[in-house]
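>>> give me a model of this one.
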Amino acid sequence: MLHSPRQRSHRRLTALCFVAASLVGVAAQAPAQDSLSQASIEAQQTQAALQRRIDSADDATREALERLRRATRQADRLESYNAELAPVVADQARRIESQQQALAQISTTREALPGEMREMVEQLRGMIEADMPFLRQERLARVDTLEQMLASDETSQADKLQKIFSVWRTELDYGRQMDQWSGPLTGERAPGAQAGSDYARQVDYLRVGRTGFYYVTPDGQVGGVWKVASQRWEPLDRGQIDEVRRGIRIARDQAAPALLALPASISVVPGQSPQAAGDEAGPGDAQTPSAPQETAQESAS
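Numbering: from 1, shown residues only. Next up, the predicted model:
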């Protein structure tokens, strides 16, 4: 088939247009692909940055959670420690309050102390004078020393009080001790005592606490028991004298401890204290033959 030159030109033009259009499409598609690639890269970078932020937030959260757990454990320990200290603090508060009250009253106590000490010494003298007459001069000499000390300003109040307490403790110890010594016989003799007992002679004394006070002559022939009710010596029989001598040997650690069957110096009445019984008993009561004799079973330890 033959074509005319016009037709061939037209076809060539159409082909050129198609090629130009294709080139234009390819040229337009290249920037679009570049933009898509750039957007994809940016999205990936954004996603990575976001992931890093998430990971960092997770680490911070875990660290904060661990700090919270440590703080909770420490708070529990502190709460337990405070619970343990609560009674100690309360006790210290009570002691502080007591000390504050004592400090507030210290001036009053300081003013009252000399009078109190004087009264304690006077009571001590009265007790010794009313007591059984054992070692009376020695005991009263201690009281005289205390009175001289109270009248002196060379001794502090604390030392004065300590010495007064020391003498009081000595007097209290007499009621728990067994003792013996030798000395002149003092005190009023009972009317029924043997005329041969010479009160100017040295005698051996035995004291069993404040329950019994006895003496025997060195020859062992005469002995007596001090009666609180009558305030005088009553004679002992032969068996009682032997018991006193045995008690003296025990007090000297020359014999083994044993029970002593001896009349007591105090009068014991059922339902009454020994002091009350002694106050009510008259001098004649201790000599009544029909009255039962008090027997002291004393442990010589």
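>>> residue boundaries of the helices in this protein?
5-130, 136-150, 157-174, 238-251, 274-280 (DSSP state H).
>>> for the fourth one, name the packing helices and strands.
Think helix 238-251. Contact partners of helix 238-251 among helices and strands, from 3 or more Cβ pairs under 8 Å, 6 or more residues apart in numbering; DSSP states H and E: strand 178-184, strand 202-208, strand 212-216, strand 223-227, strand 259-262. Where you see a C-beta, it was placed from the backbone N, CA and C, and this is true even at glycine.
>>> ok, and what's touching that helix?
For helix 238-251, the external contacting residues (Cβ atoms under 8 Å, 6 or more residues apart in numbering) are 178-180, 204, 206, 208, 214-216, 220-223, 225, 236, 255-258, 260-263, 298, 300.
>>> show me how far that helix is from its chain's centre.
Chain-centre distance of helix 238-251: 45 Å, with Cα atoms, centre = their mean, to the nearest Å.
>>> that helix to strand 223-227, inter-axis angle?
Helix 238-251 and strand 223-227 are oriented at 80 degrees to each other (axes from the mean of the first three to the mean of the last three Cα atoms, to 10 degrees).
>>> check which residues of helix 238-251 are buried.
Across helix 238-251, burial judged by 16 or more other Cβ atoms under 10 Å covers 240-241, 243-251.
>>> and that helix with strand 212-216, angle?
100 degrees.
>>> deepest-packed of the helices of the chain, please.
Mean neighbours per residue, mean count of other Cβ atoms under 10 Å, is largest over the helices of the chain for helix 238-251, with a mean of 19.
>>> what is the rounded mean pLDDT of that helix?
Mean pLDDT, helix 238-251: 94.
>>> could you dump the helices of the chain into CSV with distance to Leu185 added?
Output for those, formatted as CSV (distance: least, Cβ to Cβ, whole Å):
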stretch, distance to Leu185
helix 5-130, 19
helix 136-150, 13
helix 157-174, 20
helix 238-251, 13
helix 274-280, 22
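>>> which one, of those helices, ends up nearest to Ser230?
Taking Cβ to Cβ, helix 274-280 is the member of the helices of the chain nearest to Ser230, at 9.2 Å.
>>> which residues does Ala261 bridge with?
Here Ala261 shows beta-bridge partners Gln297, assigned using DSSP bridges.
>>> burial count for it?
13 (other Cβ atoms under 10 Å).
>>> give me the pLDDT for it.
Per-residue confidence at Ala261 stands at 91 (pLDDT).
>>> if we can go back for a sec, nearest to Arg232, out of the helices of the chain?
Arg232 sits nearest to helix 274-280 of all the helices of the chain, at 12.8 Å, using Cβ to Cβ.
>>> what is the mean pLDDT for stretch 177-193?
Stretch 177-193 comes out at a mean pLDDT of 75.
>>> for Thr217, see how far away the nearest residue to Asp179 once chain neighbours are set aside is.
Leaving aside its sequence neighbours, Asp179 sits nearest to Arg207 (Cβ to Cβ, 6 or more residues apart in numbering; 4.9 Å). Using Cβ to Cβ, to the nearest Å, we find Arg207 at a distance of 17 Å from Thr217.
>>> between the buried residues of helix 238-251, which is nearest Leu124?
Of these, the one sitting nearest to Leu124 (Cβ to Cβ) turns out to be Ala251, at 25.3 Å.
>>> so where is the stretch 51-200 of the chain shaky, pLDDT-wise?
107, 187-200 (pLDDT under 70).
>>> again, 50 this time
Within the stretch 51-200 of the chain, the segments meeting pLDDT under 50 span 192-193, 195-198.
>>> am I right that Asp204 is in contact with Asp219?
No. When contacts are counted by Cβ atoms under 8 Å, Asp204 is not listed as touching Asp219 (10.5 Å).
>>> okay, those two: which has more neighbours?
Neighbours of Asp204 and Asp219, each counted by other Cβ under 10 Å, are more numerous for Asp204; the result is 20 against 7.
>>> list the contacts of the more buried one.
180-182, 215-218, 245, 248.
>>> weed out the non-buried ones from those.
Burial by neighbour count, judged by 16+ other Cβ under 10 Å, picks out 180, 215-217, 245, 248 from the contacts of Asp204.
>>> among these, which one lies nearest to Glu154?
Gln180 (37.4 Å).
>>> separation between that closest one and Arg53?
Applying Cβ to Cβ to Gln180 and Arg53 gives a distance of 104 Å.
>>> of all the helices and strands packed on helix 238-251, which lies closest to Gln74?
Closest among the helices and strands packed on helix 238-251, using Cβ to Cβ: strand 178-184, at 66.7 Å.
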